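**Q** Got a predicted structure plus its sequence, pasted below:
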Amino acid sequence: ECEKSFQELKDRLTSTPILTLPVGTDGFVVYYEASGIRLGCVLMQNGKVIACFSRQLKIHEKIYPTHDL
């Protein structure tokens, strides 16, 4: 089971993500990450990617605490 999960993780990390359209009134999940150099987030619904975003921080943003980004 661990090997199967590991293989699925490798496949997902090395394949191109496919965006899907949102469906009806189903809920959404937002995953986000902020570090001292970049931001990233993914909007998902029912385990499928709806949208994703990432960018490097601007010079003046690098002094902000991560919870303010």
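**A** Ah, there it is. Numbers count the residues shown, from 1 in each chain.

**Q** Could you list the low-confidence segments of the chain?
**A** Within the chain, the set of residues satisfying pLDDT under 70 is empty.

**Q** what about the strands in it?
**A** Assigned by DSSP state E, the chain shows strands spanning 29-34, 38-45, 48-56.

**Q** Please tell me how far the residue positioned nearest the centre of the chain sits from C2.
**A** Among the residues of the chain, the one closest to the centroid is V42, at 3.2 Å (C-alpha atoms, centre = their mean). Computed with C-beta to C-beta, to the nearest Å, the distance linking V42 and C2 is 25 Å. In this view, the C-beta of every residue, glycine as well, is placed from N, C-alpha and C.

**Q** Then Y31?
**A** 23 Å.

**Q** same question, L43
**A** Where C2 is concerned, L43 sits at a distance of 29 Å (C-beta to C-beta).

**Q** which of these two has more neighbours?
**A** Applying other C-beta atoms under 10 Å to L43 and C2 shows that L43 carries more neighbours, namely 16 against 6.

**Q** How about that one: which residues does it bridge to?
**A** V30, A51 (DSSP bridges).

**Q** That one reaches F28, doesn't it?
**A** Yes. Assessed by C-beta atoms under 8 Å, L43 is found in contact with F28 at 6.0 Å.

**Q** Which neighbours do those two have in common?
**A** I50 (C-beta atoms under 8 Å, 6 or more residues apart in numbering).

**Q** Contact partners for the spatially closest residue to G27 that is not a sequence neighbour?
**A** By the measure of C-beta to C-beta, 6 or more residues apart in numbering, the closest residue to G27 outside its immediate chain neighbours is Q45, 7.1 Å from it. Contact analysis of Q45 by C-beta under 8 Å, 6+ apart lists 20, 22-23, 26-29.

**Q** Show me which pair in those residues is furthest apart.
**A** T20 and G27 (14.8 Å; C-beta to C-beta).

**Q** Which one's more surrounded, the two?
**A** Neighbour totals were compared for T20 and G27, and T20 leads with 13 against 7 (other C-beta under 10 Å).
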